[in-house]
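Asker: Give me a model of this one.
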Amino acid sequence: MENIPTRLTEWSEGSGCGCKIAPAILDQILSASGSFSQNDPKLLVGNSHKDDAAVYQVSEDLAMINTVDFFTPIVDDPFDFGRIAAANALSDVYAMGGKPIFANAILSWPVEKLSPDLAAKVMEGAKTICKAAGIELAGGHSIAAKDPIFGLSVNGIIHPHKIKTNNGAKSGDIIYLTKPLGVGVLATALKRQKITDKDYLSLIDTACRLNSIGEVIGNHEEVHAMTDVTGFGLLGHLIEMCEGSGLSAEINLLKLPMIEGVQEYINQFIFPDNTYRNWNAYSAKTKGVVGMDLVKLCDPQTSGGLMLAVDPENKAWFEDSMKQQNQVLWEIGRFIERNEQVVEVLQ
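Answerer: Coordinates of the predicted model:
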């Protein structure tokens, strides 16, 4: 791990997607502002189900996807910060089953306290990820402010009949993840200067890995719903899928994939403060969670994996298709008919 004189994480209370506004407060803001009320019939996906991006129909066979995502530094290296922020923003388009076509940058920088050269490295990192995604970083907007913030507004395209939302799951669908959990824990270990070089590389590898398989999954009719796992943790985004689909879910704690080494930090009580924020928001809708298992479920992810609802009758076909794409999958549970609790965690 490179020794960076300026520690960008010193400029952020909640790093990465962990700096999201708490779920209950966000609901209050959106409800009070009337943001859940949208009447344009061409707006195929808006705020109504808390989905990953907006989708607007342009023609019979073309829809535009737009998302914006930004946050405070999750790592100290500005190049890596730019890469993670870009991969995280692109994920919203992939989570809809779409193809990104270009992006614009969003940059807030305390130019009198942090060198503009560091901001240039953030931009360089973002351009590297955009190039890997096959798109241009076309422009953007910047302001001078007291906190360093970076992200992208990403535009994508999709056929209107291939859109994957977070509210299409059906009872019996298998729940899959495409990335292991634990990014928030590792980022906290970094901020507290407790992380090992090996675990830092694991953090970077996971958070910079594009969810480009989402574009492929857009063509799979057996995938009924999809979202990406970010700041509200696995539990929060799973509850959004359940409530949007009118279902409950059972997940197997032992099947949750964790980045190697994460449990050692959890054992030392190293994890984001916003883990408890997430748990407080979702605990009443959950049963079966014991002790510190809540960390695995509520750890805020940044550039986390995709969570999928897949028709069980197509299980073998889907898994084989993903294997051909060199995409690793973890089966973690199933959607079931709605009952008293939204999510039950099986030990």
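Asker: Let me see the ranges of the helices in this protein.
Answerer: Counting by DSSP state H, the chain has helices at residues 23-32, 78-95, 116-132, 183-191, 197-208, 213-217, 233-245, 262-267, 274-282, 293-298, 315-324.
Asker: mind putting those helices in a markdown table, mean pLDDT and mean neighbour count included?
Answerer: In this view, the C-beta of every residue, glycine as well, is placed from N, C-alpha and C. Listed next are the helices of the chain as a markdown table, based on pLDDT from 0 to 100; neighbours: other Cβ atoms under 10 Å:
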| stretch | mean pLDDT | mean neighbour count |
| --- | --- | --- |
| helix 23-32 | 66 | 13 |
| helix 78-95 | 97 | 28 |
| helix 116-132 | 97 | 18 |
| helix 183-191 | 95 | 27 |
| helix 197-208 | 97 | 18 |
| helix 213-217 | 97 | 22 |
| helix 233-245 | 96 | 24 |
| helix 262-267 | 96 | 17 |
| helix 274-282 | 93 | 21 |
| helix 293-298 | 96 | 23 |
| helix 315-324 | 97 | 14 |
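Asker: With distance to Leu177 as extra columns, can I get the ones you listed in TSV?
Answerer: Formatted as TSV, those follow (distance: least, Cβ to Cβ, whole Å):
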stretch	distance to Leu177
helix 23-32	20
helix 78-95	13
helix 116-132	21
helix 183-191	13
helix 197-208	12
helix 213-217	12
helix 233-245	8
helix 262-267	14
helix 274-282	17
helix 293-298	12
helix 315-324	12
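Asker: There's contact between Ala133 and Pro100 in this structure, I believe.
Answerer: Yes: counting by Cβ atoms under 8 Å, Pro100 is a contact partner of Ala133 at 5.6 Å.
Asker: Phi first, then psi, for Asn39.
Answerer: phi -120, psi -10 (degrees, to the nearest 10).
Asker: Burial check on it, number of neighbours?
Answerer: 6 (other Cβ atoms under 10 Å).
Asker: so where's the stretch 1-150 of the chain uncertain?
Answerer: Low-confidence segments of the stretch 1-150 of the chain (pLDDT under 70): 1-5, 12-24, 26-27, 29-37, 48-49.
Asker: Could you rerun that using 90?
Answerer: 1-7, 9-41, 45-53, 112, 145-147 (pLDDT under 90).
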